[in-house]
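>>> Quick one, structure for this:
(chains A and B)
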Amino acid sequence: MRVWDPLIRLLHWTLVIAIATAWLSTLHLGFGWTHEPAGYVALGVITVRLIWGFLGGRHARFTQFVRGPSHVLRYARLMRHRQEPRHIGHNPLGGWMAIALLMGVASVGITGWLQTTDRYWGSEILENVHHQLAWALVALIAMHVIGVIATSLRHRENLVRSMFTGRKDAAQQDDVV
Amino acid sequence: MSAAGSALAHGDFKCEVPVKEWKSQDDLQDKLKSEGWEIRKIKIDNGCYEVYGFDKMRKRKEVYFNPKTFEVVGEIKQD
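Here you go, the predicted model:
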């Protein structure tokens, strides 16, 4: 069954490329000029994703995958006993990871952009904040990847491939659709 | 701009001057101020002094200077 629509997939992999580019551009490899453009692409992705979170189809919508604390805790508890159900869209923890990543990218992007304004041009404080947020984003991305791998193993499906193809195996009886 | 100044971007500029021959950041700051600059920040990047500020036209500037001669090594163009 199809889960991730083409726009979601395009946004996801565009964001991966933009963030990787922005990161690598700081390593003095000769393409430093790509740093700001990559940041603006990332901010564009976030903007479109936020809009799509309200206008998109079922599994793109925030209301479908952003769950309250009791729901998330219950899921985490079930997970500890390896009893958590397979989710066709984001599971409750994955949903919050998506939100955290969106906010993380937005905060890195905005603090980066602010440094190009007259007001904050050359601001030491903003530069430090931008760097700290970027490292926090790296940590979030690492947790995201670990979560994807762990969930893939747990339910014996390749979630990375799903983000390319948009498809997952059909829902079974106990799955959350 | 020197030949090295033809590079276009962040971190693509490089200065190779032994540290003991460097002049101080304060000297560079004074020199630029006397030319009408407002300095926001001076960092060391790839062996150069990297200056963020506004020139006398109040234009945003990010310029790399040789730390010994204070020659412009390169500039990152701002829109």
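
>>> which SS state does the residue of chain A positioned farthest from its centre fall under?
Computed with Cα atoms, centre = their mean, the maximum C-alpha offset from the centroid of chain A is found at A:Asp118, amounting to 30.7 Å. Judged by DSSP: H, G, I helix; E, B strand; the rest coil, the three-state class of A:Asp118 is coil.

>>> which non-adjacent residue is nearest it?
Leaving out its chain neighbours, the residue that sits closest to A:Asp118 by Cβ to Cβ, 6 or more residues apart in numbering or on different chains is B:Arg60, at 6.5 Å. For glycine as for every other residue, the C-beta is placed from the backbone atoms N, C-alpha and C.

>>> So what's the residue count around that neighbour?
18 (other Cβ atoms under 10 Å in any protein chain shown).

>>> so what pLDDT did it get?
Here the pLDDT value assigned to B:Arg60 is 94.

>>> Let me know the pLDDT of the closest residue to A:Ser123 other than its chain neighbours.
With Cβ to Cβ, 6+ apart as the criterion, A:Ser123 has its nearest non-adjacent residue at 6.2 Å, and that residue is A:Gln115. Looking at A:Gln115, its pLDDT stands at 94.

>>> same question, B:Ile39
96.

>>> who are the neighbours in contact with it?
By Cβ atoms under 8 Å, 6 or more residues apart in numbering or on different chains, the contact list for B:Ile39 reads A:122, B:29, B:32-33, B:51-53.

>>> Now that we have the residues you listed, which of them are buried?
A:122, B:29, B:32, B:51-53 (16 or more other Cβ atoms under 10 Å in any protein chain shown).

>>> Present these as JSON lines; the columns should include secondary structure and pLDDT.
Below are the buried ones among the contacts of B:Ile39 laid out as JSON lines (DSSP: H, G, I helix; E, B strand; the rest coil; pLDDT from 0 to 100):
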{"residue": "A:Gly122", "secondary structure": "coil", "pLDDT": "93"}
{"residue": "B:Gln29", "secondary structure": "helix", "pLDDT": "97"}
{"residue": "B:Leu32", "secondary structure": "helix", "pLDDT": "97"}
{"residue": "B:Val51", "secondary structure": "strand", "pLDDT": "96"}
{"residue": "B:Tyr52", "secondary structure": "strand", "pLDDT": "96"}
{"residue": "B:Gly53", "secondary structure": "strand", "pLDDT": "96"}
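
>>> Residues of chain A that sit close to chain B?
Chain A comes close to chain B at residues A:25-28, A:30-35, A:116, A:118, A:121-124, as judged by Cβ under 8 Å from any Cβ of the partner chain.

>>> Just the ones of these in helices?
A:35, A:124 (DSSP state H).

>>> quick one, phi/psi of the closest residue to B:Phe54 other than its chain neighbours?
Excluding its sequence neighbours, the residue lying closest to B:Phe54 (Cβ to Cβ, 6+ apart) is B:Glu38, at 4.5 Å. Torsion angles at B:Glu38 (phi, psi; degrees, to the nearest 10) stand at phi -110, psi 120.

>>> my guess is B:Glu38 meets B:Gly53, correct?
Yes. Using Cβ atoms under 8 Å, B:Glu38 is in contact with B:Gly53, at 5.4 Å.

>>> Run a quick neighbour tally on A:Leu27.
So A:Leu27, with other Cβ under 10 Å, has 10 neighbours.

>>> err, A:Val48, not the other one
15.

>>> can you pull the contacts of it?
Applying Cβ under 8 Å, 6+ apart, the residues near A:Val48 are A:7, A:11.
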